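here's my sequence, what's the structure:
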Amino acid sequence: MQIQLIAVGERAPAWVQEAFRDYAARLGRDCRLVLREIPPAKRGKASQSSQWCEEEGGRMLAAIPNNAHVVALDTRGRQWSSPELAAVLQRWLAAGKPVSLLVGGPDGLSAACAQRADETWSLSKLTFPHPMVRVLIAEQLYRAWSQLHHHPYHRE
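Numbers count the residues shown, from 1 in each chain. Down below sits the predicted model:
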């Protein structure tokens with residue numbers, strides 16, 4: 001199964017790229033994590049944040065594979081403990097469909113992206129820098145995967 005992290009933003013700092021690649025490489029063949037960066041909308045004085053958000057949302061929706069299970073990341077979503085995320089990952093693996101995780105830009109996710117989502121995940125009620133979210137998602141997915149494979153990475 002492939003999990004595609006579709007995130008608005010380009011040119012993340014080198015440490016973010018390195019950390020994301022490290023965790024993604026640790027996942028087994030049964031669970032491949034790939035990053036799809038979406039260019040942010042050009043911000044100008046004449047436009048409004050809703051326009052930028054909708055433009056980015058259109059690009060995100062176009063990047064989703066046809067039969068994908070879509071998960072929107074939003075602070076209003078469901079928060080999972082590590083064991084709960086492992087169960088969710090197991091459910092995604094069992095379904096056999098690609099999974100697309102949507103991370104919006106500075107103005108959040110568009111309404112169209114939220115409507116397309118099959119479920120909504122919140123990493124925290126806190127707001128994180130968008131590059132940091134990439135690392136957090138990769139690490140948490142690796143932690144969940146390691147629990148499913150009885151790897152000692154996660155300790156309770």
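
what's opposite residue 33 in the beta bridge?
Beta-bridge partners for residue 33, by DSSP bridges, are residue 3.

run through the residues that contact it.
By CB atoms under 8 Å, 6 or more residues apart in numbering, residue 33 lies in contact with 2-3, 5, 23-24, 27, 138, 141. Glycine gets a C-beta too; all of them are placed from N, C-alpha and C.

so which of the residues you listed is the closest to residue 67?
residue 2 (11.7 Å; CB to CB).

any low-confidence regions in the chain?
44-47, 154-156 (pLDDT under 70).

quickly check the contacts of residue 33 for the two that are furthest apart.
Farthest pair in the contacts of residue 33, by CB to CB: 2 and 23, 15.2 Å.

of the two, which one has the most company?
residue 23 (21 against 13; other CB atoms under 10 Å).

biggest strand in the chain by residues?
Using DSSP state E, we find that the single longest strand of the chain is strand 69-78.

ok, then the element right after that strand?
helix 82-95 (DSSP states H and E).

so what secondary structure elements neighbour that next one?
helix 130-148 (3 or more CB pairs under 8 Å, 6 or more residues apart in numbering; DSSP states H and E).

mind listing what's buried along the helix it packs on?
For helix 130-148, the neighbour count (16 or more other CB atoms under 10 Å) marks 130-131, 133-148 as buried.

wait, doesn't residue 132 sit right on residue 16?
Yes: the pair residue 132 / residue 16 is scored as a contact, 7.3 Å apart, by CB atoms under 8 Å.

need the contact list for the residue positioned nearest the centre of the chain.
Of all residues in the chain, the one closest to the mean position by CA atoms, centre = their mean is residue 101, 3.6 Å from it. Taking CB under 8 Å, 6+ apart, we find residue 101 in contact with 3-6, 71, 73, 121, 137.
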